[in-house]
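A.B. asks: coords please:
(one chain, ligands or ions: 1)
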Amino acid sequence: MASQMSLKALADCTYSEMESLVGNLGQPLFRAKQIMEWVFKHYELNPDHMLNLPLKLREELKNKLICMSSKIKEVSKSNDKTTKLLISLDDDEAVEMVIIPSRERITFCLSTQVGCPVGCRFCASGEGGLVRNLKAHEIIEQLYHGIAHSGKFPDNIVFMGIGEGLLNFDNLAEALHKMTEADYIGMSPRRITISSSGYVPGVYRLIELGKPFILALSLHAVDDETRAEIIPDKLRYPIAEILQSCDDYEEKIGRMVTFEYTLLAGINDSRAAAEKLSAMARKHHAKVNLIPYNKTTKEFKRPKEIDILNFRDILEEAGVTVMLRLEKGGKVNAACGQLRAKHMKNDK
Ligand code: SF4
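C.D. replies: Presented below is the predicted three-dimensional model:
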């Protein structure tokens, strides 16, 4: 039997790869289509459940492929029904995915890396730096764990979990291809949000994919000096370059960009900052997603409720579309990276 290391993951297979595998096993080619339909139309990675396949083929698939490389290690639920899954990977690393239900829809938040190289100073995920990139099938498996756990296919997917997805571009692009192409999962790219800390070269690679994903760029500040207090130098791009990439994204892809703005007391929550952010959002046709800080470090504080609402009102009065995300799941370690951080401490 081939070693686990050299096996391909089932969710990474293409149609032609599956056809050659099935052919090598002496099976008719229509079996490849049946398998791929189980995987990408029924979100099923366990050959034992692929009941229209001969028993021998099901066993062969288990020998020739890594069928499910990850598993749910811990489930953490908050009062508002947000559920966070800690998912352990085949090398014992862990990532998080979050199931966020609301009255009319369900959203899955997925991770793209183990740890994160950007190291935003308010973020638990960036604390230990990057451990490794997730492979495409590990991104897809998060989706499948979410479906199995919730019993629902998500209305929306947001890549806002652990990691800077645009720094793991090839694997993210491969996962996005499987998620959106009609032969595979076939979800509309319009329902998938790619969040980035403002990694400009990645925005241009995303433009090259030519699909109407929602792009959410984390500004967190309206001037480079303040932004430098929040995001370390090594992967931080100047605001002017980020804004230019927004304009190019809108022009080439035809979609408005969203600015993500984590509100930090005394750092970026002033009236002047709100007014400048309003002007930027209007000029670059961006929506604004306000995320009041949820206290994961001692360095930063969450603004008072009144200051949060005032900041939002200034944007709204300027005619900007604002979403105020009063963090779901904060009480159950469900904010970005906190469950994984707890898991790492427990393992020490
Ligand atoms: S906020 Fe996002 S980009 Fe910044 S360190 Fe955390 S995971 Fe990385």
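A.B. asks: Around the ligand, pick out the residues from the stretch 151-300 of the chain.
C.D. replies: Neighbours of the ligand within the stretch 151-300 of the chain, by CB under 6 Å from any ligand atom: 162-164, 197. Bear in mind the C-beta positions are built from the backbone N, C-alpha and C, glycine included.
A.B. asks: Now stretch 280-295 - C-alpha only, CSV.
C.D. replies: Taking Å, rounded to 0.1, in the frame of the first residue of the first chain, the C-alpha atoms of stretch 280-295 are listed here in CSV:
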residue,chain,number,x,y,z
MET,A,280,-12.8,57.1,1.3
ALA,A,281,-15.7,54.8,1.1
ARG,A,282,-17.7,57.2,-1.0
LYS,A,283,-14.8,57.9,-3.4
HIS,A,284,-14.0,54.2,-3.8
HIS,A,285,-17.6,53.0,-3.8
ALA,A,286,-17.0,50.7,-0.8
LYS,A,287,-19.3,49.4,1.8
VAL,A,288,-18.0,49.5,5.4
ASN,A,289,-18.1,46.6,7.8
LEU,A,290,-17.5,47.9,11.3
ILE,A,291,-16.2,45.3,13.8
PRO,A,292,-15.9,46.5,17.4
TYR,A,293,-12.8,44.9,19.0
ASN,A,294,-13.8,42.0,21.2
LYS,A,295,-10.9,42.1,23.7
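A.B. asks: which residues does the residue nearest to the spatial centre of the chain contact?
C.D. replies: Central residue of the chain (CA atoms, centre = their mean): Phe159, 1.8 Å from the mean position. Contacts for Phe159 (CB atoms under 8 Å, 6 or more residues apart in numbering) come out as 109-112, 165, 172, 192-195.
A.B. asks: For it, grab phi and psi.
C.D. replies: For Phe159, the backbone dihedrals (degrees, to the nearest 10) come out as phi -90, psi 80.
A.B. asks: Okay, and the beta partners of it?
C.D. replies: For Phe159, the beta-bridge partners are Ile194 (DSSP bridges).
A.B. asks: Show me where the stretch 151-300 of the chain has its strands.
C.D. replies: If DSSP state E, counting those that start in this stretch is used as the criterion, the strands of the stretch 151-300 of the chain fall at 156-159, 192-196, 214-218, 258-263, 287-292.
A.B. asks: Just list what the fourth one packs against, helices and strands only.
C.D. replies: Yep, that's strand 258-263 we're talking about. Counting contacts by 3 or more CB pairs under 8 Å, 6 or more residues apart in numbering; DSSP states H and E, strand 258-263 is packed against strand 214-218, helix 271-283, strand 287-292, helix 305-317.
A.B. asks: Of those, which is nearest Phe30?
C.D. replies: Taking CB to CB, strand 214-218 is the member of the helices and strands packed on strand 258-263 nearest to Phe30, at 37.3 Å.
A.B. asks: Now Lys77. Nearest residue, chain neighbours left out?
C.D. replies: Thr83 (4.9 Å; CB to CB, 6 or more residues apart in numbering).
A.B. asks: My read is that Pro238 contacts Glu225, right?
C.D. replies: No: look at Pro238 against Glu225 with CB atoms under 8 Å: they stay out of range, at 11.2 Å.
A.B. asks: Just want to know which of these two has more residues nearby.
C.D. replies: Taking neighbours as other CB atoms under 10 Å, Pro238 and Glu225 compare with Pro238 leading, 12 against 7.
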